[in-house]
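1. Give me the fold of what follows.
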Amino acid sequence: MRIAVTGSIATDHLMNFPGRFTERIVADQLESLSLSFLVDDLEIRRGGVAANICFAMGNLGLNPVLVGAVGTDFDDYRAWLERHGVDTASVRVSDDKHTARFVCTTDTDQNQIASFYAGAMSDAQLIELKSVYDRVGGLDLVLISPNDPVAMVRHTQECRDRGYRFIADPSQQLASMSGDDVRQLVDGATYLFTNEYETQLMMQSTGWSRDEILSRVGQWVMTHGADGVHVMSEGRDTISVPAAPVKELRDPTGVGDAFRAGFLWGVHQDLNVERACQTGATIASIVLETVGTQEYELRPDDLSERIARGYGEQAAAEISAKLRK
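-> Have a look, this model is predicted:
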């Protein structure tokens with residue numbers, strides 16, 4: 001099974017200011033605001049939803065196809081992903097834009113001043129999935145994750161036109177897209193991913209009820225953070241899977257991406273939905289314990305122990321049998 005993951009590819013530039021922003025702001029001079037902060041450190045992290053998902057899938061032994069747009073500054077990031085089993089040959093390189101970048105400074109009160117540069121991500125709308133399909137000899141699933149909104153709609157429509165099975169994962173782009181666009185993203189999806197808040201936003205945006213959305217997708221995977229995951233499909237009982245145990249909560253960034261990677265690995269291995277969710281939840285717990293979205297390792301023995309601790313020996317046996325292949 002070949003899985004293409006379309007979506008954002010970005011780097012995060014994170015800095016810490018050893019003071020309070022509020023102490024540097026003069027209230028009666030806001031109309032001519034000009035500020036500069038001397039920061040203590042700079043941490044550059046690899047990120048982007050599609051890249052995070054592919055990184056985890058590659059660590060699980062798959063060879064996911066990353067589909068997105070970047071700048072000419074992508075070489076080091078490309079090498080990193082390829083070392084971790086990701087196929088980057090379908091990533092489009094822009095001649096005149098940098099890779100998307102998030103720049104954020106945090107003060108001692110945890111207040112933040114941040115900017116997001118979309119950059120080359122806007123060129124994702126120029127990517128044709130058929131060229132990816134032809135290059136790799138077929139695609140079994142295409143994940144449409146947060147990206148340039150025009151690209152998301154175009155990728156989804158191409159999947160429908162060409163008969164490619166696709167997964168709808170609009171996530172944080174829901175708030176910026178019209179109801180018509182969101183309806184196009186969802187209609188006909190093999191799987192739909194949302195969290196609890198996104199579920200409400202999706203119903204509000206589309207004007208569809210929960211039952212109407214269910215009638216348009218194969219299975220709806222709804223995450224609820226510490227309360228676990230519910231998987232719904234029309235005419236069937238809901239499958240509920242609790243969250244995996246977490247030793248120490250350090251950073252929630254990228255947890256949803258890790259869950260999706262584990263779930264898709266389970267689908268690839270022909271595990272049932274419950275086991276796929278358990279795998280995803282276990283990998284999500286590892287990311288929760290890690291600072292950074294791609295700063296962890298996935299070792300079969302450790303995964304097996306975690307799955308057994310969270311979901312029992314039978315689950316661990318069934319999932320571990322696939323991990324060792």
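
2. which residues in the protein form strands?
-> Remark: strands assigned in the chain by DSSP state E are 3-6, 10-16, 41-47, 65-67, 69-70, 92-93, 100-106, 112-117, 141-144, 166-168, 191-195, 219-223, 229-232, 239-241.

3. and the last one, which strands flank it?
-> So the one you mean is strand 239-241. Under the criterion DSSP bridges, strand 239-241 sits next to strand 229-232 (antiparallel) in its sheet.

4. buried sites along the partner strand?
-> 229, 230, 231, 232 (16 or more other CB atoms under 10 Å). Where C-beta positions appear, they are placed from N, C-alpha and C, glycine not excepted.

5. Out of these, flag the one nearest to residue 93.
-> residue 229 (36.0 Å; CB to CB).

6. was I right about the closest one contacting residue 219?
-> No: judged on CB atoms under 8 Å, residue 229 makes no contact with residue 219 at a distance of 11.5 Å.

7. returning to that earlier point: columns distance to residue 210 and mean pLDDT on top of the strands of the chain, output as TSV?
-> Below are the strands of the chain laid out as TSV (distance: least, CB to CB, whole Å; pLDDT from 0 to 100):
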stretch	distance to residue 210	mean pLDDT
strand 3-6	26	98
strand 10-16	32	90
strand 41-47	31	91
strand 65-67	30	98
strand 69-70	34	98
strand 92-93	36	98
strand 100-106	33	89
strand 112-117	31	86
strand 141-144	21	98
strand 166-168	15	98
strand 191-195	11	97
strand 219-223	8	97
strand 229-232	8	98
strand 239-241	16	98
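
8. Now distance to residue 81 too, for those strands, in a markdown table please.
-> Formatted as a markdown table, the strands of the chain follow (distance: least, CB to CB, whole Å):
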| stretch | distance to residue 81 |
| --- | --- |
| strand 3-6 | 11 |
| strand 10-16 | 12 |
| strand 41-47 | 8 |
| strand 65-67 | 7 |
| strand 69-70 | 11 |
| strand 92-93 | 14 |
| strand 100-106 | 15 |
| strand 112-117 | 20 |
| strand 141-144 | 16 |
| strand 166-168 | 20 |
| strand 191-195 | 22 |
| strand 219-223 | 25 |
| strand 229-232 | 27 |
| strand 239-241 | 29 |
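
9. Select, out of those, the one closest to residue 205.
-> With CB to CB, the closest approach to residue 205 among the strands of the chain belongs to strand 191-195: 11.4 Å.

10. which strands and helices sit next to the closest one?
-> The elements that strand 191-195 packs onto, with contact taken as 3 or more CB pairs under 8 Å, 6 or more residues apart in numbering; DSSP states H and E, are strand 166-168, strand 219-223, helix 255-268.

11. Nearest to residue 245, out of those?
-> Per CB to CB, nearest to residue 245 of the helices and strands packed on strand 191-195: helix 255-268, 14.1 Å.

12. Mean neighbour count for the helices and strands packed on strand 191-195 - can I get that in a markdown table?
-> Shown next, in a markdown table, are the helices and strands packed on strand 191-195 (neighbours: other CB atoms under 10 Å):
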| stretch | mean neighbour count |
| --- | --- |
| strand 166-168 | 26 |
| strand 219-223 | 22 |
| helix 255-268 | 26 |
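
13. ok, so what distance separates the spatially closest residue to residue 189 that is not a sequence neighbour from residue 228?
-> Using CB to CB, 6 or more residues apart in numbering and skipping the chain neighbours, the partner closest in space to residue 189 is residue 168 (3.9 Å). With the distance defined as CB to CB, to the nearest Å, residue 168 ends up 21 Å from residue 228.

14. quick one: strands adjacent to the one helix or strand in the chain whose mean pLDDT sits lowest?
-> For the chain, scoring each helix and strand by mean pLDDT, DSSP states H and E identifies strand 112-117 as the least confident one, at a mean of 86. Partners of strand 112-117 in the sheet, by DSSP bridges, are strand 100-106 (antiparallel).

15. what angle do the strand it pairs with and strand 10-16 make?
-> 10 degrees (axes from the mean of the first three to the mean of the last three CA atoms, to 10 degrees).

16. Centre of the chain to strand 100-106, how far?
-> The chain centroid and the centroid of strand 100-106 are separated by 18 Å, computed with CA atoms, centre = their mean, to the nearest Å.

17. List the buried residues in that strand.
-> Per 16+ other CB under 10 Å, strand 100-106 contains these buried residues: 100, 101, 102, 105, 106.

18. Run a quick neighbour tally on the nearest residue to the first one once chain neighbours are set aside.
-> Using CB to CB, 6+ apart and skipping the chain neighbours, the partner closest in space to residue 100 is residue 10 (3.9 Å). Residue crowding around residue 10 was assessed by other CB atoms under 10 Å; the count is 26.

19. Of all the strands of the chain, which one comes closest to residue 264?
-> strand 3-6 (5.9 Å).

20. which residues touch the closest one?
-> Taking contacts as CB atoms under 8 Å, 6 or more residues apart in numbering, the residues outside strand 3-6 that touch it are 50, 53-54, 57, 62, 64-68, 90, 124, 127, 129, 132, 136, 139-145, 147, 151-152, 155, 264, 268.
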